[in-house]
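1. Show me the folded form of this:
(chains A and B)
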Amino acid sequence: MSVEALYLYCVARVSTQEGFGPIGIEGALVYALSHQGLCAVAHDCPARPYESSDEPTVRGWVAAHHQVVAMAWARFADILPCRFNTILKGAPSLDPRESLRRWLERESQGLLERLARVEGKEERGVQVFWDRPTIARQLKAREGPLRDIALKITSLPEGTAYLHRQKLERLLSQELGLEAEARFKEFYPQIRASVDDIQVGRAGEAQGGRRMIMNLSCLLRRGREAGLREVLEKIERKEGFSARSTGPWPPYSFS
Amino acid sequence: MQTQATLVDLLDMVLEKGLVIEADVIISVAGIPLIGLNLRAALAGMETMTSYGLMLDIDQRMRQEAARGPASNVIPT
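-> Residues are numbered from 1 along each chain as shown, chains lettered A, B, ... in the order given. Just a heads-up that it's a prediction; the model follows:
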C-alpha cells in the first residue's frame, strides 16, 4: 500500500533516517525523514486531518503529538514543533516522502533561520492573575469618584442606593480596566527583560474572583529561568496578584 | 507560584501554536472544527496532565537523553 500522506510532528537540524517505534498518534510508527541536514519527524497517515468530537480521543491524539515532539526535543535539542494536524500530501503522482524532501530543500533557508532563533532555548508560559475583589477594594480605597460614590451609598435610601450601586459598578469596571492596563505596562518590561523573546496571548476565562491579566509565551535560554522566576515572585508579593509559569516547553510559539 | 501544566495548557499549545506550513502539499484544516467550543469549556478544569498519565517530565527526559550521549544511529551531517 502506498503512502497517502505524512503527519508531521516537527523539523530538526539533523540527518537521520531512524525509526522511533509505534509512539505516534494511535500507535503510528514514527520515523525521521532527512534531506540535506534537515529532518522531519513523521508518521504515514491517510490524506485527511484527524477530527473528532470525542473528548478522550482528542486528548489521546494531542498527548501523543506532544510526546513525540518532546522526544524529538530531548533527542535533537533544537526543533521546530509543528501544529497538530500538519499533514503533507504528495503532489499528484508523487510519493509524499519525495514531496517532503523537496519541501525541505525548498524551505531549507527559512527553516534553518528559524532553528537558529530557537537554538539552545526553551519556551515557558507565563500568566499573571489578580483577585478581583481584592483589587476592587484597593481601588475603592483610593481618593476619587469611586470612593466618593461608595461612601455616599452608605447613607442613601434603598431605591437611590440601588441606582448609585449600578453607577459604582460601571465606574469600578472602568477603573479595573485601566488598572489592568497599567499593571500590564508595569510588569511586561520586567518580564521582557528576563527573557529572549515574548508573545502576548489572549487572556483566559475568569475563574471565580480570579482574573487573568497577562498571558505570555516566553522564549529563553535553557537553564536561565531564574531571572524570570524572580520577576514573577516579585509580582506575587503584591497584594491580590498571583502568577503561574508552565514549561519548559519545546518552542511551539516561536517556530 | 503554580507551575503544573494542565490539559488546557497542552491543548492551547498543540492546537494553536507550532509551525504552520503554507504549501500546496499541506492539507488545509481551515473550517474543520476539531474540537467544539463546548468540549473545550468542558476541558477547562484544572486537572493536571499527570493525572491523565499524559505528561512526561520533559526535564527528566532531557537529563536522561543527555546522559545517554548522541544516538548511535544518527548519521552525522
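
2. any idea how far A:Ser99 lies from A:Glu175?
-> Taking Cβ to Cβ, to the nearest Å as the measure, A:Ser99 and A:Glu175 are separated by 57 Å. (C-beta placed from N, C-alpha, C; glycine too.)

3. so where is chain B shaky, pLDDT-wise?
-> Low-confidence segments of chain B (pLDDT under 70): B:23-25, B:27-77.

4. give me that answer again for 90
-> Scanning chain B for pLDDT under 90 picks out the ranges B:1-8, B:11-12, B:15-16, B:19-77.

5. what's whichever strand or helix holds A:Lys185 packed up against?
-> Using DSSP states H and E, the secondary-structure element containing A:Lys185 is helix A:158-193. If you count contacts as 3 or more Cβ pairs under 8 Å, 6 or more residues apart in numbering or on different chains; DSSP states H and E, helix A:158-193 packs onto strand A:121-131, helix A:132-141, helix A:145-153, strand A:210-221, helix A:225-236.

6. Please pull up the helix or strand immediately following it.
-> strand A:197-200.

7. And what about A:Arg75, helix, strand or coil?
-> Following DSSP: H, G, I helix; E, B strand; the rest coil, we place A:Arg75 in the helix state.

8. State the distance from it to A:Pro22.
-> 17 Å.

9. picking up where we left off before, tell me the gap between the helix holding A:Lys185 and the middle of its chain.
-> Chain-centre distance of helix A:158-193: 26 Å, with Cα atoms, centre = their mean, to the nearest Å.

10. A:Ala64: which of the helices and strands packed on helix A:158-193 is closest?
-> Smallest distance to A:Ala64 across those (Cβ to Cβ): 19.8 Å, for strand A:121-131.

11. Using PDB, write out the CA atom coordinates for that closest one.
-> C-alpha atoms of strand A:121-131 as PDB (Å, rounded to 0.1, in the frame of the first residue of the first chain):
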ATOM      1  CA  LYS A 121      16.200  27.800  24.000                       C
ATOM      2  CA  GLU A 122      13.000  26.700  25.700                       C
ATOM      3  CA  GLU A 123       9.500  28.100  26.000                       C
ATOM      4  CA  ARG A 124       7.700  29.000  29.200                       C
ATOM      5  CA  GLY A 125       4.100  30.000  29.500                       C
ATOM      6  CA  VAL A 126       3.600  32.900  31.900                       C
ATOM      7  CA  GLN A 127       0.300  34.000  33.300                       C
ATOM      8  CA  VAL A 128      -0.400  36.800  35.800                       C
ATOM      9  CA  PHE A 129      -3.700  36.900  37.700                       C
ATOM     10  CA  TRP A 130      -5.400  39.200  40.200                       C
ATOM     11  CA  ASP A 131      -8.100  38.600  42.700                       C
END
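
12. Quick check: buried residues in stretch A:206-223?
-> A:Arg211, A:Met212, A:Ile213, A:Met214, A:Asn215, A:Leu216, A:Ser217, A:Cys218, A:Leu219, A:Leu220 (16 or more other Cβ atoms under 10 Å in any protein chain shown).
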